[in-house]
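> Just to be clear, the model below is a prediction. Sequence and coordinates:
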Amino acid sequence: MNLRRLAFVAPAWLYLIVFYLYPLATNVRMGFQDFTVSSFYTGVAPFAGLRNYREVLRDPAFAGTVTNTVLFTAGSLLFQFGIGLALAVFFRRNFPLNGVLRSLLLVPWLLPLVVSGTAWRWILETDSGVLNRSLLSLHLIDEPVPWLASTSVALTAVTLVNIWVGIPFNMVILYGGLQSIPDELYEAAQLDGAGAWRRFRHITLPLLRPVTSVVLTLGLIYTLKVFDVIMVLTQGGPADSSQTLTTFSYDLSFQQLAFGHGAAVGNLLIVVAVVFAIGYLRAERRSS
């Protein structure tokens, strides 16, 4: 009987070990080694201790990259959650084509990120992009905006695209949470004279708090590791203005061939994600 159970569990464990635990352990190890191109051929990578981390932290681009990551993550989470919650509340009502519209709003989430990034790169193109042409025709701007080529706008552009990608996820999870709130509570509050805002503030938000914690925690972890969208749109440029820790790690590893430094940045990202995940789990235990 135990062998049967093991036979069912073994493929899952094998998958986790090969595709998750082994790469994670390798990346952690590389962060403490002087791993260069020659290390792939010789198999020799001297132990460097914390030198990679010290050099990464002293890198002139690191402070700006951290700032970009914070702004990108905070902006994405704020608007993804806000718009997702608004859409979830809107779709809680019964009206014709409700299900069809909800299904269509899932398209950005279902598309591969490379496809989404390529489409948005065409939309945001300076001279022939749909967005600039539309804004010019509506006389909202006097000249085309270099969305992906300006150091002052590029980070905003990639953040907007990431918000568009993440809204469906927030909407679906929050909509599921709203469906679990009994209608009787709203009816009783309405009979007591509570308006729409008071019902939302005193019923919806408190009862939606567990779902909100899940959405924000998962959204934070996901946004911290966003790579595809930024690489397709700007590659972290121009002049590192849209560079985040994920693209910075890629640049160190595969452009500058400083694999130890790139692994160190990746390990810092892992630590941040784990800290927030542990904080979420502890908060959930206290609330339960």
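Perfect, I can see it now.
> Kindly list the longest helix within this protein.
Taking residue count as the measure and DSSP state H as the definition, the longest helix of the chain comes out as helix 60-91.
> what's the residue closest to the geometric middle of this protein?
Centrality entry for the chain: nearest residue to the mean C-alpha point is Thr223, 1.7 Å, by Cα atoms, centre = their mean.
> who are the neighbours in contact with that residue?
In this structure, Thr223 makes contact with Phe72, Thr73, Ser76, Leu77, Asn162, Gly166, judged by Cβ atoms under 8 Å, 6 or more residues apart in numbering. From N, CA and C alone the C-beta is placed, and that goes for glycine too.
> what is the rounded mean pLDDT of the longest helix of the chain?
Throughout helix 60-91, pLDDT has a mean value of 92.
> other SSEs contacting the helix or strand just after it?
Helices and strands here follow DSSP states H and E; after helix 60-91, the next one along the chain is helix 98-105. For helix 98-105, the contact count by 3 or more Cβ pairs under 8 Å, 6 or more residues apart in numbering; DSSP states H and E identifies helix 60-91, helix 154-179 as packing neighbours.
> want to throw those helices into a markdown table with mean neighbour count?
Conversion of the helices and strands packed on helix 98-105 to a markdown table gives the following (neighbours: other Cβ atoms under 10 Å):
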| stretch | mean neighbour count |
| --- | --- |
| helix 60-91 | 18 |
| helix 154-179 | 21 |
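> Which of the ones you listed sits closest to Asn52?
Distance to Asn52, taken as Cβ to Cβ, is lowest for helix 60-91 among the helices and strands packed on helix 98-105, at 12.3 Å.
> relative orientation of the closest one and helix 98-105 in degrees?
Here helix 60-91 runs at 170 degrees with respect to helix 98-105, directions being taken by axes from the mean of the first three to the mean of the last three Cα atoms, to 10 degrees.
> quick revisit: can you tell me which of the contacts of Thr223 comes closest to Leu185?
For those, the residue nearest Leu185 by Cβ to Cβ is Leu77; the value is 27.9 Å.
> Secondary structure element holding the closest residue to that closest one other than its chain neighbours?
Excluding its sequence neighbours, the residue lying closest to Leu77 (Cβ to Cβ, 6 or more residues apart in numbering) is Gly219, at 5.3 Å. Following DSSP H and E, the helix or strand that holds Gly219 is helix 209-224.
> Go through that helix and flag the buried ones.
Across helix 209-224, burial judged by 16 or more other Cβ atoms under 10 Å covers Val211, Thr212, Val215, Leu216, Thr217, Gly219, Leu220, Ile221, Tyr222, Thr223, Leu224.
> could you dump those to JSON lines with pLDDT and distance to Asp142?
Below are the buried residues of helix 209-224 laid out as JSON lines (pLDDT from 0 to 100; distance: Cβ to Cβ, whole Å):
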{"residue": "Val211", "pLDDT": "86", "distance to Asp142": "44"}
{"residue": "Thr212", "pLDDT": "87", "distance to Asp142": "41"}
{"residue": "Val215", "pLDDT": "88", "distance to Asp142": "40"}
{"residue": "Leu216", "pLDDT": "88", "distance to Asp142": "39"}
{"residue": "Thr217", "pLDDT": "85", "distance to Asp142": "43"}
{"residue": "Gly219", "pLDDT": "88", "distance to Asp142": "36"}
{"residue": "Leu220", "pLDDT": "88", "distance to Asp142": "38"}
{"residue": "Ile221", "pLDDT": "86", "distance to Asp142": "41"}
{"residue": "Tyr222", "pLDDT": "87", "distance to Asp142": "37"}
{"residue": "Thr223", "pLDDT": "90", "distance to Asp142": "34"}
{"residue": "Leu224", "pLDDT": "88", "distance to Asp142": "37"}
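> shaky segments in the stretch 51-200 of the chain?
Screening the stretch 51-200 of the chain residue by residue with the criterion pLDDT under 70, one finds no matching range.
> Give me the nearest residue to His261, chain neighbours excluded.
Taking Cβ to Cβ, 6+ apart, and ignoring the residues beside it in sequence, His261 has Leu252 as its nearest neighbour in space, at 4.4 Å.
> if we can go back for a sec, so the residue nearest to Leu77 makes contact with Phe79?
No. Applying Cβ atoms under 8 Å as the test, Gly219 and Phe79 come out as separate, 10.9 Å apart.
> Show me what the very next helix or strand once past the helix holding Gly219 is packed up against.
Moving toward the C-terminus from helix 209-224, the first helix or strand encountered (DSSP H and E) is helix 228-233. In terms of contact count using 3+ Cβ pairs under 8 Å, 6+ apart, helix 228-233 is assigned the packing partners helix 113-123, helix 154-179, helix 245-250.
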